[in-house]
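**Student:** can't give you the sequence, but here's the structure:
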Ligand code: C2E
Ligand code: MG
Ligand code: MG
C-alpha cells in the first residue's frame, strides 16, 4: 500500500515536471536559466522562444554569461540595475537594448526572478524576455510625427522654435548671422488640381529632398504648411551675399522634376530672406520678415528672391497696423471708390471707368490701395472688401444710368482669393440682377497671377463669367509670370499693358518694340488693347499711331470721386498730340551736339523746303520723334553720352520705317559696320560735306522712304 502510494506520488510529480517543461518550451517569450553557483554565472538553459527572438541556438549560449546579448552596447544603466538585483537576490524588471546573432537590435523587456533550492538558498535566476521592438518603433514614430511632417519627413515649423532659437543664440554668441529663408512654391494648387494629389505629394517630397540637399550642416529645413517651407541657417558669414545664398533654393526647385516616367513637372518658388542681426532680433521677427519678403517676391513676378529691407519693413508694419483695422473700417464705411477714365484712342471719348478703392482712415489719412490691398489679401479681408467694391461700383453704375449716362463700361479689379471662391460667379450674377445692370457694362480686371494661381479653376470661372455676359480684362499685362498660351485658353476681351512699359515708350527702343508686339498680339487674338499709365501727349500720340485702342493715365485724368464723373463723361479728350503733323510733309530731324554745324545744316535744308527739326542731344531728339512724323533722321556720330550709331539703333527700334543717316567727322569702322549690318543706318556720310552732294543724298533718302511706304499693303 505504502509502496504503491509512493509510486503514485512520484508518477504525479513526473507528470507535473513534464507539463512544466512543455509549458516553458512552448512559451512565446524567451526563457533563460542562469546558474549562480558557478563562476561567471553561466546560462544553463534557454527555451525555443529565446532561440527565435535572438537567433542563437541553445548550443551557442549554454555555458556563457548573458552579457554577449548587449554586444558592445554595455553603457546601459539598466545593466547595473540587473547586477544589483542579482546581488541582493531580488526580482527586477528592465528594458535592455540587446542584439541578435545577426547583430540587429531588439528591445528586450526582461523579468528576472531568483530561484531558490529546497533549503531556500538562491541557486539560479530565471529570466523571461519579451521582444518589444515593434512597440518601441511605434513609440519612436509617434514621437517623430509629433515634430515631423510625415509626407516630407521634414521638421514641422510649428514647435521647432526652440531649434531656431538655438541657432540664433549661437549666432549672437559667435557674432555671426542667422538667416531665415521662406520658400513658397508658385501656383502649386494647379499641380494638385490638374495632376491629382498623388503627384502633388510626390512633388512636395522631391522639393523637400532638394531643399535638404541644398542646405549645409548648420541648417534646419522645415515644412511650414502646404507648399511653404522655412530654412533656418546658422553660422552665416557677416559678409555673405544673402541674395546669392537664397538663390540656390530658387534654382534647385526650378530644375525639371521627373515625377513619373511620363510626367515632368516644372515648378518655381518665390523665396524671401531675413537675417539676424540685419533686420530682426527674434525668431518671430525673422519669420514674419521672411514671409513678407516672400510675398514681395511673388508680387515681383515669382520665381525669384527678395531680401527683407527697410522698404519692406513699412509693408510689414502696415500688415500689423492696418491688418487689424480693415474689418472695422469696412463696418464703419471708411472705404471709397474713385474712378479713372479709359479713353478711346481714336475719338477721345471716355469708354470706361476703372473703380479704384481708397481708404479714408481717421487714423492714417487717405490710403492708396497699394498699401492696404496686399494686407487685405494676406489676411483674407479682401473677400469682404472685394465684394463691397463690386456691389458699390454696380450701384454707382445704376445711379449713373438712371441719370441718363451711357456708352461706357465700369471696370472692377478682382483679387486671386476672390476668383478662388466657388460662388464668385454666382455673387457677380446676383449683384448684377439686384442692380439691374446689363452684364456687358461690367468688366472685371484680373492680373496674370490670378490666372496662374489656379489655372483650371480660373478658366472655369472665366467661362462662366463670359456666359453671364461679363467682360474680362487682363490687367498689368507683361510684368507677370505667364505663358502666352494662356491668352488663348482664357476668354479675355482686353489686354491692359502695364504702365511700366509705357513710361519710357518714347525714349526706349526696346521697350517700345515690346509695346508694339503686345498690341499686335492682342489684335491677332481679337482683343482690344489698353495702355495704362499714359502721362504725356507724346506717349498718347505714339500709342495711337501704333494702333493701341484705349488709353488710361494721368495725361487724361487721375482717379476721381464719383461726383466728378458725369462731367467727365461729357468730355472728349484729345488723343493726338496737336504738335504732331500727320500731313505727308517731308520732315528731317537733325541731331548734332555742335550748335554751329547744326545751324548751317538747318540753313541748307530749309532751302529744300523740308520741315527741319533739330536737336543738340538725344533726349530732345526722342521727344521730337514722338511728337512729329519724321521720315529721315541724320545724326552726328561722336556725341557726349551716346554715339550716333547707338542713337540710330534705338530710333530703328522705335520707328523702324525711318531712314537713318550718320554724318560724321570721325570714322570708327567697327561700330559703323556693325550698325550698317544690323540695318540701323541707311547711309554713312562724312564731314566736311559738299552741300549739293549732301542734299542729293537726303533727297534720295526721302524718295526711298516714300517708295517703301507705297510698297506696303
Ligand atoms: P491697377 O488696376 O493697375 O490700377 C491702375 C493704377 O495705376 C491706379 O493706382 C491708378 O491710379 C494708377 N495710375 C493711373 N494712371 C496713371 C499714370 O498715368 N501714372 C501713374 N504713375 N499711375 C497711374 P491705384 O488706384 O493706386 O491702384 C493701385 C492698384 O491697386 C491697382 O492697380 C489694383 O491692382 C489695386 N486695386 C485698386 N482698387 C482695387 C480693388 O478694388 N480691388 C482689388 N483687388 N485691387 C484694387
Ligand atoms: Mg486695374
Ligand atoms: Mg494695371
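**Tutor:** Sure, I can see it. Nothing here was measured: the structure is a model prediction, and the numbers come from that model. Ligands and ions are numbered 1, 2, ... in the order given.
**Student:** distance check, the spatially most central residue of the chain against residue 246.
**Tutor:** For the chain, residue 270 is the residue whose C-alpha lies nearest the centre (Cα atoms, centre = their mean; 3.2 Å). With distances defined as Cβ to Cβ, to the nearest Å, the gap from residue 270 to residue 246 amounts to 11 Å. Quick note: C-beta positions are derived from backbone N, CA and C, even for glycine.
**Student:** which stretches in the stretch 251-400 of the chain count as strands?
**Tutor:** Under the criterion DSSP state E, counting those that start in this stretch, the stretch 251-400 of the chain contains strands at 257-258, 264-265, 269-276, 305-307, 335-344, 350-361, 365-367.
**Student:** now those strands in JSON lines, with distance to ligand 2?
**Tutor:** Formatted as JSON lines, those follow (distance: least, Cβ to the ion, whole Å):
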{"stretch": "strand 257-258", "distance to ligand 2": "34"}
{"stretch": "strand 264-265", "distance to ligand 2": "32"}
{"stretch": "strand 269-276", "distance to ligand 2": "22"}
{"stretch": "strand 305-307", "distance to ligand 2": "23"}
{"stretch": "strand 335-344", "distance to ligand 2": "9"}
{"stretch": "strand 350-361", "distance to ligand 2": "6"}
{"stretch": "strand 365-367", "distance to ligand 2": "17"}
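**Student:** now residue 125: how far from ligand 1?
**Tutor:** Distance from residue 125 to ligand 1, counting by Cβ to the nearest ligand atom, to the nearest Å: 79 Å.
**Student:** swap that for residue 672, please
**Tutor:** Taking Cβ to the nearest ligand atom as the criterion, residue 672 is separated from ligand 1 by 39 Å.
**Student:** ok, now which ones touch the residue nearest to the centre of the chain?
**Tutor:** Residues near residue 270 by Cβ atoms under 8 Å, 6 or more residues apart in numbering: 183-184, 186, 294-295, 297-298, 302-304, 306.
**Student:** I'd like to know how far whichever residue of the stretch 51-200 of the chain sits closest to ligand 1 sits from residue 395.
**Tutor:** Of all residues in the stretch 51-200 of the chain, residue 187 sits closest to ligand 1, at 18.3 Å by Cβ to the nearest ligand atom. Using Cβ to Cβ, one gets 34 Å for the distance from residue 187 to residue 395.
**Student:** who has more neighbours out of the two?
**Tutor:** Under the criterion of other Cβ atoms under 10 Å, the comparison of residue 187 against residue 395 puts residue 187 first, with 19 against 15.
**Student:** once you drop chain neighbours, what's closest to the more buried one?
**Tutor:** Counting by Cβ to Cβ, 6 or more residues apart in numbering, residue 187 lies nearest to residue 452, which is 4.7 Å off, once chain neighbours are set aside.
**Student:** now name the helix or strand holding that neighbour.
**Tutor:** Take DSSP states H and E as the rule and residue 452 turns out to sit in helix 448-453.
**Student:** poorly predicted segments of the stretch 351-500 of the chain, please.
**Tutor:** Low-confidence regions of the stretch 351-500 of the chain, defined by pLDDT under 70, span residues 481-483.
**Student:** next to ligand 2, which bits of it? Give me the list.
**Tutor:** Taking Cβ under 5 Å from the ion as the measure of proximity, the stretch 351-500 of the chain contacts ligand 2 at 413, 445, 475.
**Student:** apply 6 Å and report the result again.
**Tutor:** Within the stretch 351-500 of the chain, the positions near ligand 2 by Cβ under 6 Å from the ion are 354, 413, 445, 475.
**Student:** over to the chain?
**Tutor:** With Cβ under 6 Å from the ion as the criterion, the chain meets ligand 2 at residues 354, 413, 445, 475.
**Student:** which one of those sits closest to residue 461?
**Tutor:** Using Cβ to Cβ, residue 445 comes nearest to residue 461 of the residues of the chain next to ligand 2, at 14.3 Å.
**Student:** just to be sure, that closest one is in a strand?
**Tutor:** Yes: Residue 445: assigned to a strand according to DSSP: H, G, I helix; E, B strand; the rest coil.
**Student:** now the nearest residue to it once chain neighbours are set aside: which helix or strand?
**Tutor:** Nearest in space to residue 445, with sequence neighbours left out and distances taken as Cβ to Cβ, 6+ apart, is residue 475 at 4.2 Å. Secondary structure from DSSP H and E places residue 475 in strand 471-477.
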